[in-house]
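> Sequence first, then the predicted structure:
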Amino acid sequence: MKATGIVRRFDENGRFVIPMELRKQLGLDTRDDALEVFVEDDKIILKKYAPSCVFCGSMDELATYKDKKICAACAGKIGRLCE
């Protein structure tokens, strides 16, 4: 993990600001961009969100079913299971 030397405090509502230079570095420049949140031991890890298949993690040929992303390959496999 690379240290940035940046420290931010929470406001009275529990929020903190991710500095502009870090947002630019990650390409988080529109309101449509999102972060995914992970917890590992005593760390909170923020990662730029990229939609992927819930089964295999692929980002190719995604479709949405009941608010979940699924790739064409996994959809085909599931379809064969139901035959």
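Arrived safely, thanks for sending. Everything quoted here is computed from the prediction, not taken from an experiment.

> Spell out, range by range, the helices that occur in the chain.
20-26, 72-81 (DSSP state H).

> okay, those helices in TSV with mean pLDDT, mean neighbour count and distance to residue 35 next?
(Each C-beta comes from the backbone N, C-alpha and C, glycine too.) Below are the helices of the chain laid out as TSV (pLDDT from 0 to 100; neighbours: other CB atoms under 10 Å; distance: least, CB to CB, whole Å):
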stretch	mean pLDDT	mean neighbour count	distance to residue 35
helix 20-26	88	11	8
helix 72-81	91	12	25
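
> got JSON lines for the ones you listed, with distance to residue 44 too?
Formatted as JSON lines, these follow (distance: least, CB to CB, whole Å):
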{"stretch": "helix 20-26", "distance to residue 44": "14"}
{"stretch": "helix 72-81", "distance to residue 44": "30"}
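
> can you tell which of the ones you listed is closest to residue 43?
For residue 43, the closest of the helices of the chain is helix 20-26, at 16.3 Å, according to CB to CB.

> Show me what that closest one is packed against.
Packing contacts for helix 20-26, counted by 3 or more CB pairs under 8 Å, 6 or more residues apart in numbering; DSSP states H and E, involve no helix or strand.

> of all the helices of the chain, which lies closest to residue 56?
Ranking the helices of the chain by proximity to residue 56 (CB to CB) places helix 72-81 first, at 5.7 Å.

> what phi and what psi does the backbone show at the spatially most central residue of the chain?
When CA atoms, centre = their mean is applied to the chain, the residue found nearest the centroid is residue 49 (2.4 Å). Phi and psi for residue 49, reported as degrees, to the nearest 10, are phi -80, psi 130.

> Good, we can wrap up now.
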